[in-house]
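>>> just need the structure, nothing else, for what follows:
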Amino acid sequence: MIQDIYPSRLNNTFYPYEPGGDDRLLVFDKDGRIMLAGEDARPVFPKADAASAYEAVYLFSLDEDRFFLSMKNADEAAGGAAFYTIREVRDKFSGKEVFAVFTAYHLWKWYSDNRFCGKCGRSLEHDKKERALKCPECGNMIYPRINPAVIVGVIKDDSLLITRYRRGYAHNALIAGFTEIGETLEETVSREVMEETGIRVKNISYYKSQPWGMAQDILVGYFCEADGEDPIRMDEGELKYAEWVKREDIVLQPNNLSLTNEMMKVFKEGEHGKRRYSRR
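Purely as a prediction, here's the structure:
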């Protein structure tokens, strides 16, 4: 998956570093496209020198490489670079740098969406001690937003419930949805499967989680079983395809970045009940 960069490690501890030297600078335009260069599959970031890194804020480190975010959106790409959407980055590039881009996009979106205090309307400032935005007028503190969402592998005998979204990503997927206020993750699983396909489920079991900066999510994967013989009643507003697919007939996504693809893969290989998440 996208975060599986071992032996490299992401260090997301906040420090009030100043950019310079060989530090990387992540530059987005107003539409959230990132400026990258690179002729092979590995993206190349601009260097965070004193001139280009004006108003830059430290984000995180990958091993010894420090990454900073330009707080000014770029109008045009420079130095042979080009702008890429996050989905284009997912399709074109590979390596730990893709995880860096997704995580940086998550923070860029948060900074972009939170410029003024929601209580008093005053411009927000960067806190010096933690990853937060602080209102100098009323003291309101805003922290990065993380949206909890579930990915659900619904099993019926030797088949998995495979879907495709009506809009957006075109390849095979699983049932997915956001957790609502006052709802447990397991309740989200039951509700989303019912809303999207009309299938009741039982024996809900946790599989693994994944940060997914593209949508500012933390994805939580579950496997469960169909409860009964209810026919599929697909929500045509959300999906264009929902069918039970035998494990040997499952077509995987074109890359191995997503939790969805890993869950389809482990079921296809008959490993979904054997694998357990282990923290390195």
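>>> hey, let's count contacts and neighbours off CA atoms from now on
OK.
>>> which residues does stretch 224-242 contact?
Here stretch 224-242 makes contact (C-alpha atoms under 8 Å, 6 or more residues apart in numbering) with 152-156, 161-167, 195-205, 243.
>>> from these, list the buried ones, please.
152-156, 161-165, 195-201, 204 (16 or more other C-alpha atoms under 10 Å).
>>> in helices, which of the residues you listed fall?
Counting by DSSP state H, those place 195, 196, 197 in helices.
>>> I'd like to know how far the last one sits from residue 189.
Right, the one you point to is residue 197. 12 Å (C-alpha to C-alpha, to the nearest Å).
>>> just the ones in strands from the contacts of stretch 224-242, please.
Residues from those lying in strands, with DSSP state E as the criterion: 152-156, 161-165, 201-205, 243.
>>> which pair in those residues has the greatest spatial separation?
165 and 203 (25.3 Å; C-alpha to C-alpha).
>>> list the contacts for the closest residue to residue 34 other than its chain neighbours?
Excluding the flanking residues, the one nearest residue 34 by C-alpha to C-alpha, 6 or more residues apart in numbering is residue 28, at 4.3 Å. Counting by C-alpha under 8 Å, 6+ apart, residue 28 makes contact with 34, 35, 70, 73, 74, 83, 108.
>>> tell me the spacing between residue 28 and residue 75.
Residue 28 is 9 Å from residue 75, by C-alpha to C-alpha.
>>> the longest helix in this structure is where?
Counting residues, the longest helix found in the chain (DSSP H) is helix 96-113.
>>> and the contacts of it?
2-3, 5, 8, 26, 28, 32, 42-43, 59, 62, 69, 86, 89-90, 144-145, 212-216.
>>> give me the sheet partners of the helix or strand just after it and which way each runs.
Downstream of helix 96-113, the next assigned helix or strand under DSSP states H and E is strand 125-126. According to DSSP bridges, strand 125-126 forms sheet pairs with strand 133-134 (antiparallel).
>>> so which residues make contact with the strand it pairs with?
Strand 133-134 is contacted by residues 124, 125, 126, 127, 140, 141, 142, 143 when judged by C-alpha under 8 Å, 6+ apart.
>>> show me what contacts the nearest residue to residue 10 once chain neighbours are set aside?
The shortest distance from residue 10 to any non-neighbouring residue, by C-alpha to C-alpha, 6+ apart, is to residue 62 (4.8 Å). The contact partners of residue 62, by C-alpha under 8 Å, 6+ apart, come to 8, 9, 10, 11, 100.
>>> just among those residues, which is most surrounded?
Neighbours here mean other C-alpha atoms under 10 Å. Within these, the largest count is held by residue 100, at 21 neighbours.
>>> from residue 12, how far off is that residue?
Relative to residue 12, residue 100 is positioned 11 Å away (C-alpha to C-alpha).
>>> what's the spacing between residue 88 and residue 121?
Distance, residue 88 to residue 121, by C-alpha to C-alpha: 36 Å.
>>> got it, and residue 184?
On the measure of C-alpha to C-alpha, residue 184 and residue 121 end up 33 Å apart.
>>> sorry, back to before: and the average pLDDT for the longest helix of the chain is what?
Mean pLDDT, computed over helix 96-113, is 95.
>>> now that helix - C-alpha only, PDB.
Included here for helix 96-113 are C-alpha records, laid out as PDB according to Å, rounded to 0.1, in the frame of the first residue of the first chain:
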ATOM      1  CA  LYS A  96       8.000   6.600  -1.200                       C
ATOM      2  CA  GLU A  97       7.700  10.100  -2.800                       C
ATOM      3  CA  VAL A  98       4.100   9.300  -3.800                       C
ATOM      4  CA  PHE A  99       3.200   8.800  -0.100                       C
ATOM      5  CA  ALA A 100       4.900  12.200   0.500                       C
ATOM      6  CA  VAL A 101       2.800  13.800  -2.100                       C
ATOM      7  CA  PHE A 102      -0.500  12.400  -0.700                       C
ATOM      8  CA  THR A 103       0.400  13.400   2.800                       C
ATOM      9  CA  ALA A 104       1.500  16.900   1.700                       C
ATOM     10  CA  TYR A 105      -1.800  17.300  -0.200                       C
ATOM     11  CA  HIS A 106      -3.800  16.400   2.900                       C
ATOM     12  CA  LEU A 107      -2.000  19.200   4.800                       C
ATOM     13  CA  TRP A 108      -2.200  21.700   1.800                       C
ATOM     14  CA  LYS A 109      -6.000  21.100   1.700                       C
ATOM     15  CA  TRP A 110      -6.200  21.700   5.500                       C
ATOM     16  CA  TYR A 111      -4.200  24.900   5.400                       C
ATOM     17  CA  SER A 112      -6.100  26.200   2.300                       C
ATOM     18  CA  ASP A 113      -9.500  25.500   3.900                       C
END
